[in-house]
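Undergrad: based on what follows, work out the 3D shape:
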Amino acid sequence: QVQLVESGGGSVQAGGSLRLSCVGSGFSYRMYCMAWFRQAPGKEREGVASIDSDHISTYSDSVKGRFTISRDNAKNTLYLQMNVLKPEDTAMYYCATDIVGCELDSNEYDDWGQGTPVTVSS
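TA: Next up is the predicted model:
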């Protein structure tokens, strides 16, 4: 059974940083695409960043240059380093996994974590 457990969310002021983590189990972690999505209250879930089995990453335009996605296959752990945070980054952040593709399309992803909240105050 696939399990994804996120951690690292919290409250920060604008301009600050946070690092999110997501530990995966129950699947062949190193073979899968891993991704971060977020959902703000009243808004649709949007893709933030993804990283495939070859460590090739993709970012949404809204976070490019500020966020960095990485993975440690030895620890089955996905990271999202978030710098220069803005109030519009406030959302619940989810990690997700997919064996087929690695686009930032939530419809592609089969398994999701429970989310970790990020709040950025101005």
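
Undergrad: got the contact list for the residue lying closest to residue 39 once chain neighbours are set aside?
TA: Spatial nearest neighbour of residue 39, excluding adjacent residues (Cβ to Cβ, 6 or more residues apart in numbering): residue 45 at 4.3 Å. Every C-beta, even on glycine, is put in place using the N, C-alpha and C of the backbone. By Cβ atoms under 8 Å, 6 or more residues apart in numbering, the residues touching residue 45 are 37, 38, 39, 94, 106.

Undergrad: is it true that the third one touches residue 46?
TA: Yes: assessed by Cβ atoms under 8 Å, residue 39 is found in contact with residue 46 at 7.2 Å.

Undergrad: please enumerate the strands of the chain.
TA: 3-7, 10-13, 18-25, 33-39, 46-51, 57-59, 67-72, 77-82, 91-98, 111-112, 116-121 (DSSP state E).

Undergrad: distance of the closest residue to residue 31 other than its chain neighbours from residue 81?
TA: In space, and not counting its chain neighbours, residue 31 is closest to residue 53: 5.5 Å by Cβ to Cβ, 6+ apart. Counting by Cβ to Cβ, to the nearest Å, the gap from residue 53 to residue 81 is 20 Å.

Undergrad: what about residue 33, neighbour count?
TA: By other Cβ atoms under 10 Å, the residues close to residue 33 number 22.

Undergrad: most centrally placed residue in this protein?
TA: residue 36 (2.1 Å; Cα atoms, centre = their mean).

Undergrad: contacts only, for that residue.
TA: So residue 36 contacts 20, 22, 47-50, 69, 78, 80, 93-96 (Cβ under 8 Å, 6+ apart).

Undergrad: between those, which is nearest residue 86?
TA: Using Cβ to Cβ, the shortest approach to residue 86 within the contacts of residue 36 belongs to residue 48, at 13.1 Å.
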